[in-house]
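Enquirer: Got a predicted structure here, sequence first:
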Amino acid sequence: MHRFIISGPTGSGKTELAVAIAQQLPIEIISMDSRQVYKYMDIGTAKPDPYQLVSVKHHMIDIVEPSEYFNAFLYQKMAKEIEMDVVRRGKIPIYVGGTGLYIDALVKGFFEGVPRDENIRKELNQLNEQEPGILRKMLEEFDPQAASRIHFQDTKRTIRALEVYLKTGKRISELQSQQSRESNEDFTLVVINREREELYKRINSRVDKMIEYGLIDEVKELISKYGKSLEAFKTIGYQEIIDYLDGVYSLETAIHLIKRNTRHYARRQIIYLRRFKNAIWIDAAEDEAKEKIMKLIEEKYLIEQNIRG
């Protein structure tokens, strides 16, 4: 089955474009954001607003509690089931989001081959507590390719990559590359981007709006329900506000760090997306951006309809 994916760095405007297109075509959106799956984490993850959610059917948003375990393997399984159901109902499923691991899971398959080793995990967690940051340094040494794809705050995926290496002597990036030989090459990837200065300006503005819309109260409410140590809270925007509430630094500093860390994240997303040689890059500021994407969707949809017919 062909997959149509709209991705791009955070703040590029991919959600707005996708919703505008879905209002004119028989489309349902499958979110591809690893943090929007969590309930109650609304402002800090920049979920579609209530109007967007009502005007266009969205999937894979608000599906698990912040305390629940969720990974790319589960995402892939659930998303594919939704995709098939959307097609059965005569609609077009479009994936929209910027989580690289989810893109990999959809187009390359997902590597789950090495069983968990609780002893190794325990030792790595203890090491991380004794010397924060050491796991990241180990990953950069043992598997630089995996380190380039895994966010520096993503302890869970860092431990998994190190666990595979320590248990098998093989890099998880190499094993995933072998898995990709069975990949689904039948996909269209559209990357929404902007000039760097404009993108960074939008990111800074969005962070200011998050604070204005109540991010601090959202974090306080989440802490009161779940505490501070959840993996889901190791997310840009949440971790900085938690540190502010703990008195680590001022609100002004927290806001500065959220903006800086989000800009750095956007840069990493762009670097990741450049690996896809057949990706179609579209500047969101172009007057014809929406029309270009609609044409691509319509062409692919008509081709598939003709094949099925």
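Expert: Great, that's in hand.
Enquirer: where does the closest residue in space to R3 that isn't next to it in sequence fall, phi/psi-wise?
Expert: Here the nearest residue to R3 in space, its sequence neighbours aside, is F187; by CB to CB, 6 or more residues apart in numbering that works out to 4.1 Å. For every residue, glycine as well, the C-beta is placed using N, CA and C. Backbone dihedrals for F187, given as degrees, to the nearest 10, come out at phi -150, psi 150.
Enquirer: ok, now I5?
Expert: phi -120, psi 130.
Enquirer: How about the one 3 residues further on?
Expert: Backbone torsions for G8, taken as degrees, to the nearest 10, come to phi 150, psi 170.
Enquirer: Check it and give its pLDDT.
Expert: The model reports G8 with a pLDDT of 98.
Enquirer: ok now do it, which residues does it touch?
Expert: 14, 98, 191-193, 269, 273, 284 (CB atoms under 8 Å, 6 or more residues apart in numbering).
Enquirer: Can you classify the closest residue to it other than its chain neighbours by secondary structure?
Expert: Once its chain neighbours are removed from consideration, G8 has its nearest residue in I192; the separation is 3.5 Å (CB to CB, 6+ apart). When the structure is reduced to helix, strand and coil (DSSP: H, G, I helix; E, B strand; the rest coil), I192 reads as strand.
Enquirer: Against A18, how distant is I192?
Expert: For I192, the distance to A18 (CB to CB, to the nearest Å) stands at 9 Å.
Enquirer: now E129
Expert: 41 Å.
Enquirer: Who has more neighbours out of these two?
Expert: Shown here are E129 and A18; by other CB atoms under 10 Å, A18 has more neighbours (26 against 9).
Enquirer: contacting residues around that one?
Expert: Residues counted as contacts of A18 (CB under 8 Å, 6+ apart) are 6, 27, 29, 56, 94, 96.
Enquirer: give the contact list for the nearest residue to V164 once chain neighbours are set aside.
Expert: With sequence-adjacent residues excluded and distances taken as CB to CB, 6+ apart, V164 is closest to I172, at 4.3 Å. With contact taken as CB under 8 Å, 6+ apart, I172 is in contact with 111, 143, 146, 160-161, 164-165.
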